[in-house]
Structures are given as structure tokens and as C-alpha cells.
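J.: Sequence first, then the predicted structure, then my questions.
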Amino acid sequence: MRELELYFGPQHLGMVGNFSITLKVEGDRIVKADANPGYLHRGFEKLMEQRTWMQNFPLVCRINVVEPDHMELIYSMAVEKLAGIEVPERGKYIRSIFCEMARVASHLFGLWAYANMLGFDTVAHWAMYHRDILLDMFEELTGARVYHIYVRPGGVRRDFPDGFIDRLVKTLHKIGGKVPDYNATFFENRLFQKRAEGIGVVTREEAIRMGAVGHTLKATGMKYDIRKIEPYAAYDQVDFDIPTRTGGDAYSRLLTIRDDMIESVHMIFKLIDKMPNKGEVYTKTPNPFKWKIPAGEAYVRCESSRGELGLYIVSDGGDKPYRAHFNTPSYNHGLTVLEKALEGESISDVGNIMISLYVVPPEIDR
Amino acid sequence: MNELKKKLLSSFDNVEINIPEDNRMIVITKKESVLSILSYLKKMGYNHFALESCNDWIDDNEFELIYILSAYLEKDEQYQDKGKRNIILKTRISREKAKFITIIDIFENAEPYEREIHEMFGIYFEGHPRLTPLLLERDYDIPPFRKDFDTNKYVENTFGKIPSIKERKKEKNERT
């Protein structure tokens, strides 16, 4: 049969984000896939070299549009490590709660993308609504809905407002109460199961060989999670489980995402119970205009909702970073794993596989 | 970590190892032994290739290549081995006609990282199957992530000069 070249994206219903894939197809089977990023390249890492340490926050949070909070967190962690700043106890707990809220919001957005792409419009609307009421909580806490700039070197920007915890718990209960409906209409729906089972299989060996992290790895049974391996913020204070599956296909990946979301909500309740009632939430840092950080280098990592997120940062003793390089989970998943996972699959499953790998193109381009 | 340090020092010449407080190991080596050290570390269980990065030390006229490794879990749930943190391997190459060897044979997922470094820093990787552009649209005289690439000057040459607020106010006043 004749081989054809097919351009999938950037303008395509099944494509989420600024990304395209060049497919070589034979009939409707994919012979070879060639990922083509760069539609949203803004050169943030270069621009960061020209701004002071504190001025970089508006750039950093825009690297990942879907969940900017872990980007702020990792940048703050890197600056803290270079400058030797400690975070107060209550600040650590607030950071953890904030990051878990971000994880839930990000998973709901991912669920919206997945359901919308497959045509499950009801589920997509629910997910978007639930993300929206969670964004209201973010707005109350930080003043912004999407790009919060709440985590800062030394802690967080401000304490919880009065009555915030009660409203947060109420919101989370509202979202949690809808889980049976989500299950019935989406996760356990035969229509969805047929579409997602056995598709885009990544085995344990392949995942390790290609450097996969996050849900791609968790769906093969490995509990690889930076929150457990190298705890940061207050994650060493609470007990939590890491959901896994063993199938390695798109369906297993989505189920780990759902379980991860539920686990995050439980973790927020545990963190609220354990949190100290009073105390500082941030350590004072020097004047941001004159702040010079001693020369050195640091590699820090945290677990974003997509997997291991790393930042390699170098300071030459000046008031700006000398070099910053973000190691984002989508980089591996979108460029190495996706190309391998698409081989031999059908054209109609391209978007399905891409979203199940949880690829966010802005993270690749940076 | 200290055991690994001893082993590395005994099996390789010209390596310099220091372990900062956070238990991450920094290994500095000559460019000839990068491949053998990487495959040695992979055999020792550091099988997760996390990041390949590059840094332009323009004052020394050298590029620094950085490889960051960590370890996957051996069993499904085993967090006891807290000593296995990241290893940062660094080497320096000359800035003139920068050239290095690809490490795809050892770590498959280094491919896009090397493509990006080739594009952003202009380092040629021997043996790399596709060093095609990854993120950028245009061609640049100087690869854009080098320190001698001036973003402001580039913007001025390509898109014209954008007047500052003071200049614009002055212009406005002159008109009125």
C-alpha cells in the first residue's frame, strides 16, 4: 500500500495545544510519527537571564499554562537552595495544600480535554465547572485565577484568609460528590473503555528506556513519585498512597489520573488537620532590587501533576540567574514516548494517545 | 554515595567528585571519559536520564555540558534507598567549532535534548541521527542561547526600534 504523509495539527480537533505531528501513514495505520513542537516557543530561559531573581516569577509561571503553581514552587525551591533560606513550618503546609489544589485543578482540566476530544460533552462541562469553582478559591487566596504568583522564596505570599479552609473543604466536597457520576458517565462507560483500552501501550521496559515519569510510569505499576522519594514542603508529614495500574495503556493512565485526584483531595484534608494554627508563613528576604545570590548551582525537583519536574539553575553571584534550564515532564513524553507509542496505531487514536500521555505543549517549548 | 565515590575514583582517572550537603553528587571530568562514566553509572543503577543541559562560560571561552541522572525504583515500592539522589556530570568543551559525541546509544531519550542544544548553542553532536531544527523558526547568525547573542539588538534589527516611553512622550509633545 502507498505511504502518505499526513499533518496532524496545529489546527485539528483532536489536538490540544500548540503542537503538531507529522504522520507517515499506510491506510489508516501509522508507520512513523514525527513530533513537531515550537509553536509557542518564547525563549523564557534566555529572558530569565536578563531579569532579576524576583522579576522572573511572571515568566516562570507562564511556562505551563495548565498548572503554573508547581513552576513557581520549583523556582522558589531553587532560589532558596542557592541562597540558603529556610521556610517556616506553616508556610510549608500552605505550600503543600496549594500544590495539591493545583494538582486537582490541573487534572480536572486534563479531564475536560480528554472528554471534549472524545465527544463526551457532559463530562467536559462538569470538569470545567468544577475547575472553575476551584479557581474561585485560588482567586480568594491569591487575587488571580490562573497565574497566581503565590509561592515565593522563603514561603508563600500571604496567610489563608478567615474562613478560607471551611470554604475550601466545602468546595472539595462538592467536587468529590460528583465522582460517582464521573465514573458512571466516563470512566466506567463502555463507550469510553472501548476507545481507550489497549491503546498506546507503554510497557515498563519501554518506559524506563525512554525516561518516562509521572502517570506513564505509574500506569505500569511503579510508584515513582518525588513526593515520596525526596519529600519537599510538608509531604513528609502526611501519609498518602500513590495509585498505580498495571496495564500501561491509555485507560490505565487515565484511571491513575482519577485516583491521583481523589488521593490529592484526601491529602488536603489530612494536611489541614495537621497544620499548625499560628505562625509565620514566610521568611523575610532581602530587597529584591539589590538581592545578589552567592555563586553556585542547584538541581531541584518536585512532582507536578504530569510527573517529575526539575530545574537546573546556575548563579554567578550576580542579581540575575546565569542559566536556568527546566526539565519538564512533557518534554520526554511529547518528543520521545509519543513518537514510539503512536507507531502502529490508528489515525483516529492520535489525539487519544497524546492526551492520555498528558502532554502540555507550552511546557515543551518553554 | 561515598561508596560510589570511591568506586568512581578507583576506576577512572581525571575525575573530580564533590558531594554537597544535599547528597547530590557532582562529578567533573574530561570530555574523553564522559561516555564511559555514563555507561558505568547506568550499570550501577542510575538508569533515569533526567536532563542534558549546556552552559556558556564565555569568559573561559568554553561550553559546559551537564548530564543529570537519577535512579528509578528497583521494586515497585521501595523508598528506603534515600542515598540514590541525582548525579550531575559535567564536562567542558572548547567554544570554537564546538563538537561533541552523542550519548543516544546509552540513553535513548537524550535525543531531543541534544537537538535542542545543537539549535540553541550550535554544538554539533557526532552520530546523532537527526539534528534538524526543533523549536526555532528562523535562522540566526549566532545561536540564540549563547551569551554573545543580544536579544535587544536582534529585536531592533529584525522588527525595528521600539521607542522608549520618554521618547514617545517627547515626540507627542513636539507634535502638539
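T.: Yep, that arrived.

J.: Return the residues in contact with A:Lys43.
T.: No, residue A:43 isn't Lys; it's Gly. Residues near A:Gly43 by Cβ atoms under 8 Å, 6 or more residues apart in numbering or on different chains: A:Arg366, B:Pro144, B:Thr151. Quick note: C-beta positions are derived from backbone N, CA and C, even for glycine.

J.: and the second one, how far is that from chain A?
T.: Meaning B:Pro144. Computed as Cβ to the nearest Cβ, to the nearest Å, the B:Pro144 to chain A distance reads 6 Å.

J.: Show me which of the contacts of A:Gly43 are buried.
T.: A:Arg366, B:Pro144 (16 or more other Cβ atoms under 10 Å in any protein chain shown).

J.: which one among the contacts of A:Gly43 gets closest to A:Phe57?
T.: A:Arg366 (15.4 Å; Cβ to Cβ).

J.: how about the residues of chain B near chain A?
T.: B:22, B:24, B:26, B:47-51, B:53, B:55-56, B:66, B:68, B:72-73, B:76-77, B:79, B:82, B:85-86, B:88, B:107-109, B:111-112, B:133-137, B:144-145, B:149, B:151 (Cβ under 8 Å from any Cβ of the partner chain).

J.: Only the buried subset of the residues you listed, as a ChimeraX command please.
T.: In ChimeraX, this line selects whichever of the residues of chain B next to chain A come out buried by 16+ other Cβ under 10 Å:
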select /B:24,26,47,48,49,50,51,53,55,56,66,68,72,73,85,86,88,107,109,111,112,134,135,144,145,149
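
J.: Tell me which of the residues of chain B next to chain A fall in strands.
T.: B:Ile26, B:His48, B:Phe49, B:Ala50, B:Leu51, B:Ser53, B:Asn55, B:Asp56, B:Ile66, B:Ile68, B:Ile88 (DSSP state E).

J.: Arrange those in JSON lines, one row each, with pLDDT as further columns.
T.: What follows is those, written out as JSON lines (pLDDT from 0 to 100):
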{"residue": "B:Ile26", "pLDDT": "85"}
{"residue": "B:His48", "pLDDT": "87"}
{"residue": "B:Phe49", "pLDDT": "89"}
{"residue": "B:Ala50", "pLDDT": "87"}
{"residue": "B:Leu51", "pLDDT": "88"}
{"residue": "B:Ser53", "pLDDT": "90"}
{"residue": "B:Asn55", "pLDDT": "89"}
{"residue": "B:Asp56", "pLDDT": "89"}
{"residue": "B:Ile66", "pLDDT": "91"}
{"residue": "B:Ile68", "pLDDT": "90"}
{"residue": "B:Ile88", "pLDDT": "88"}
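
J.: secondary structure class for A:Lys174?
T.: Following DSSP: H, G, I helix; E, B strand; the rest coil, A:Lys174 is assigned to helix.

J.: all helices of chain B, in order?
T.: B:2-11, B:34-43, B:111-121, B:151-159, B:165-175 (DSSP state H).

J.: Kindly apply the preceding question to the stretch 101-250 of chain A instead.
T.: A:121-142, A:164-176, A:179-182, A:190-196, A:204-209, A:214-218, A:226-229, A:250-274 (DSSP state H, counting those that start in this stretch).

J.: can you list these in TSV and add mean neighbour count, mean pLDDT and distance to chain B?
T.: Converted to TSV, those look like this (neighbours: other Cβ atoms under 10 Å in any protein chain shown; pLDDT from 0 to 100; distance: least, Cβ to the nearest Cβ, whole Å):
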stretch	mean neighbour count	mean pLDDT	distance to chain B
helix A:121-142	17	91	29
helix A:164-176	15	91	26
helix A:179-182	14	90	25
helix A:190-196	15	87	23
helix A:204-209	16	88	6
helix A:214-218	28	87	8
helix A:226-229	19	85	5
helix A:250-274	20	90	13
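
J.: Save those helices as CSV, and put in distance to A:Glu80 too.
T.: Below are these laid out as CSV (distance: least, Cβ to Cβ, whole Å):
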stretch, distance to A:Glu80
helix A:121-142, 20
helix A:164-176, 25
helix A:179-182, 36
helix A:190-196, 41
helix A:204-209, 31
helix A:214-218, 24
helix A:226-229, 16
helix A:250-274, 20
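
J.: which stretch among those comes nearest A:Met77?
T.: A:Met77 lies closest, by Cβ to Cβ, to one member of the helices of the stretch 101-250 of chain A: helix A:226-229, at 11.3 Å.

J.: Could I get the CA-only coordinates of that closest one as PDB?
T.: Below are the C-alpha coordinates for helix A:226-229, written out as PDB (Å, rounded to 0.1, in the frame of the first residue of the first chain):
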ATOM      1  CA  ILE A 226       9.200  12.600  44.000                       C
ATOM      2  CA  ARG A 227       6.900  13.500  46.900                       C
ATOM      3  CA  LYS A 228       7.900  10.100  48.400                       C
ATOM      4  CA  ILE A 229      11.400   9.800  47.100                       C
END
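
J.: tell me which residues in the lowest-mean-pLDDT helix or strand in chain B are buried?
T.: Of all helical and strand segments in chain B, the minimum by mean pLDDT, DSSP states H and E falls on helix B:2-11, at a mean of 74. Buried residues in helix B:2-11, defined by neighbour count with 16+ other Cβ under 10 Å: B:Leu4, B:Leu8.

J.: I would like the residues contacting it, please.
T.: B:Val15, B:Ile17, B:Ile19, B:Met25, B:Val27, B:Ile37, B:Tyr40, B:Met44.

J.: between these, which is nearest chain A?
T.: Chain A lies nearest to B:Met25 out of those, by Cβ to the nearest Cβ, at 10.9 Å.

J.: Tell me how far the closest one lies from B:Lys7.
T.: Per Cβ to Cβ, to the nearest Å, B:Met25 is found 12 Å from B:Lys7.

J.: returning to that earlier point: with distance to A:Gly9 added, can I get the ones in strands among the residues of chain B next to chain A in JSON lines?
T.: Output for these, formatted as JSON lines (distance: Cβ to Cβ, whole Å):
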{"residue": "B:Ile26", "distance to A:Gly9": "40"}
{"residue": "B:His48", "distance to A:Gly9": "29"}
{"residue": "B:Phe49", "distance to A:Gly9": "27"}
{"residue": "B:Ala50", "distance to A:Gly9": "28"}
{"residue": "B:Leu51", "distance to A:Gly9": "26"}
{"residue": "B:Ser53", "distance to A:Gly9": "28"}
{"residue": "B:Asn55", "distance to A:Gly9": "33"}
{"residue": "B:Asp56", "distance to A:Gly9": "33"}
{"residue": "B:Ile66", "distance to A:Gly9": "32"}
{"residue": "B:Ile68", "distance to A:Gly9": "31"}
{"residue": "B:Ile88", "distance to A:Gly9": "36"}
